[in-house]
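Novice: okay, predicted coordinates and the sequence, questions at the end:
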Amino acid sequence: MVVLTIDDDPTVLDYYRSALTNPGVRFEFTSDPIQGLELVRQLAPELVFLDLSLPQMRGMEALRRICGQDKRAHVVVVSSHQSVELAVEVIQAGAANYICKPVSPETLRSIVEEVKEIFEERARAMRLENELDKHSNLEGLIGRSVRMHEMFDLMRRVAPHFRTALILGETGTGKDLVARALHNMSPRRDRPFTVCNCAAVVETLFESELFGHRKGAFTGAHEDRKGLFESADGGIVFLDEVGELTLGVQSKLLRVIQNQEIQRVGSTQSLRVDVLMIAATSRELTEDAKKGRFRPDLLYRLDMIEIRVPPLRERREDIPLLWRHFLDKYNQHYNKEIRGLSQKAQDLLLNYRWPGNVRELENVMGRACMLAQGSFLDVGDFAVVSARIGKAAGTFPSSLEQAERIALVRALEEHPNKTQAARVLGVSRPKLYRLMQKHGLEAEKEKADQESV
């Protein structure tokens, strides 16, 4: 643990040096607030004693910059004057505590011990979280919610035995990861796993893509070519977005499942193949079958085993697990050392409905990590989520703080002039700036301005 004291009075620093002793704690002292900010960046102290009366920089400015650099640090503001208004202001700016001079050695040591215990408890909790994380991962799928554990259990039971399986879920839920996990847990884990994204294949080339073709079968067929099923012989074929297949291709796919036979385009000869089939779709195939867009007999064949991947909004307890996973991933990718998310940023991500599911969360985390400059991600690093929440018509706020933020975002979007925005919200201009700082909107505006240059 590191404790940093920033005070311009050398006698006060000497007093702190003599008063502060604690095993396992490193104490640093400086009278220069600029150097203090650099020490915060370099050492990431758990506790900072900050004097408000600094000659080179206003104490409130130093406080805001420290809290902006490291959301984890406990900043204790030390002042020569007792003031309720000042105490409220520094707490709102991010300070953990406010004390008045003179400060007894017992008070200083008590604060150090209290913060040390807080961080030791956090470290123990993190170790437990890491242990739990090890048991919340199935072949790259991450989750500890009841819905995910039910899905994991079903996958473990069917993986050794299935012939066909249908994976259902909204866009971005990770259906492709479920398919690959089934392959990895099946007896054919060492055999081919071939993938066809049915939504990305040109309709006229579907048959050739799936079943192959003979030389001269059509313009551009300059040689014999194996299709997906031949290439996967002995392994597993994954048809992603199978609901996009035409009825003609669906009938031939049914023949493959029934007879384990394919016929190349331009050939009259049938070929035997030994494949298992996994299909996935974000469509409601039952409704498509009723409307004649999907063959009911094919649906019955594919739907021997049905695995539904829950949307992220139905397993919100998995969101912290996922953001930690993506934070680790993008720290390595961008060679950064971001330690975590501020509490306000966590609340923001937990309150968002994630219509794009896990894929959207990964994209948001990747962008935040790429652009972040501090050691912790704050609300301002998630401008995309903030904007989507603010523009989500009909979205009911889940907390008073979220409602306040939505109203603030909308007022600023409709009235760029701060005086007008303050008038619409019924607050003073200084209050408006405090609200903007509270919700990280100043940082978002700066970032948006930089991106528009």
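Specialist: Now that the structure is in, tell me what you want to look at. Numbers count the residues shown, from 1 in each chain.

Novice: CA only for contacts and neighbour counts going forward, please
Specialist: Noted.

Novice: so what pLDDT did residue 49 get?
Specialist: Note on residue 49: pLDDT of 90.

Novice: residues contacting it?
Specialist: 3, 4, 5, 6, 75, 76, 77, 78 (Cα atoms under 8 Å, 6 or more residues apart in numbering).

Novice: okay, and the last one sits in which element?
Specialist: Per DSSP states H and E: residue 78 is located in strand 74-79.

Novice: run through who's touching the next helix or strand after that strand.
Specialist: Remark: after strand 74-79, the chain's next helix or strand is helix 84-92, criterion DSSP H and E. With contact meaning Cα under 8 Å, 6+ apart, helix 84-92 is reached by 60, 63, 77, 97, 98, 438.

Novice: which member of these is positioned nearest residue 181?
Specialist: residue 438 (42.9 Å; Cα to Cα).

Novice: show me the contacts for the closest one.
Specialist: 92, 93.

Novice: distance of it from residue 375?
Specialist: Residue 438 sits 18 Å away from residue 375, going by Cα to Cα, to the nearest Å.

Novice: just residue 45 next, same as before
Specialist: Counting by Cα to Cα, the gap from residue 45 to residue 375 is 12 Å.

Novice: could you list the low-pLDDT ranges of the protein?
Specialist: 55-56, 70, 129-135, 204, 390-399, 413-414, 416, 442-453 (pLDDT under 70).

Novice: so what secondary structure elements neighbour the longest helix along it?
Specialist: The single longest helix within the chain, with elements called by DSSP state H, is helix 105-134. If you count contacts as 3 or more Cα pairs under 8 Å, 6 or more residues apart in numbering; DSSP states H and E, helix 105-134 packs onto helix 10-19.

Novice: going by distance to residue 159, which of the contacts of helix 84-92 wins?
Specialist: Of these, the one sitting nearest to residue 159 (Cα to Cα) turns out to be residue 438, at 49.6 Å.

Novice: state the distance from that closest one to residue 119.
Specialist: According to Cα to Cα, residue 438 and residue 119 sit 24 Å apart.

Novice: repeat that for residue 45.
Specialist: For residue 45, the distance to residue 119 equals 11 Å [Cα to Cα].

Novice: which one of those two has more residues nearby?
Specialist: residue 45 (21 against 15; other Cα atoms under 10 Å).

Novice: residues contacting the more buried one?
Specialist: Residue 45 neighbours (Cα under 8 Å, 6+ apart): 1, 2, 3, 4, 73.

Novice: helix, strand or coil for it?
Specialist: The three-state label given to residue 45 by DSSP: H, G, I helix; E, B strand; the rest coil is coil.

Novice: how near is it to residue 344?
Specialist: Taking Cα to Cα, one finds residue 45 at 20 Å from residue 344.

Novice: before we move on, what about residue 259?
Specialist: Distance from residue 259 to residue 344, by Cα to Cα: 57 Å.

Novice: equivalent analysis for residue 287, please.
Specialist: 42 Å.

Novice: what about stretch 373-389, start to end distance?
Specialist: Note: stretch 373-389 ends 23 Å apart using Cα to Cα.

Novice: I figured residue 366 hits residue 330, correct?
Specialist: Yes - counting by Cα atoms under 8 Å, residue 366 touches residue 330, with 6.1 Å between them.

Novice: how is the chain partitioned into domains?
Specialist: Per automatic domain parsing, the domain ranges recorded for the chain read 2-131, 141-308, 314-452.

Novice: which residues in the stretch 201-350 of the chain form strands?
Specialist: Taking DSSP state E, counting those that start in this stretch to define them, one finds strands in the stretch 201-350 of the chain at 236-240, 261-263, 270-272, 276-281, 306-308, 340-341.

Novice: angle of the strand holding residue 78 against helix 105-134?
Specialist: Strand 74-79 runs at 160 degrees relative to helix 105-134, counting by axes from the mean of the first three to the mean of the last three Cα atoms, to 10 degrees.
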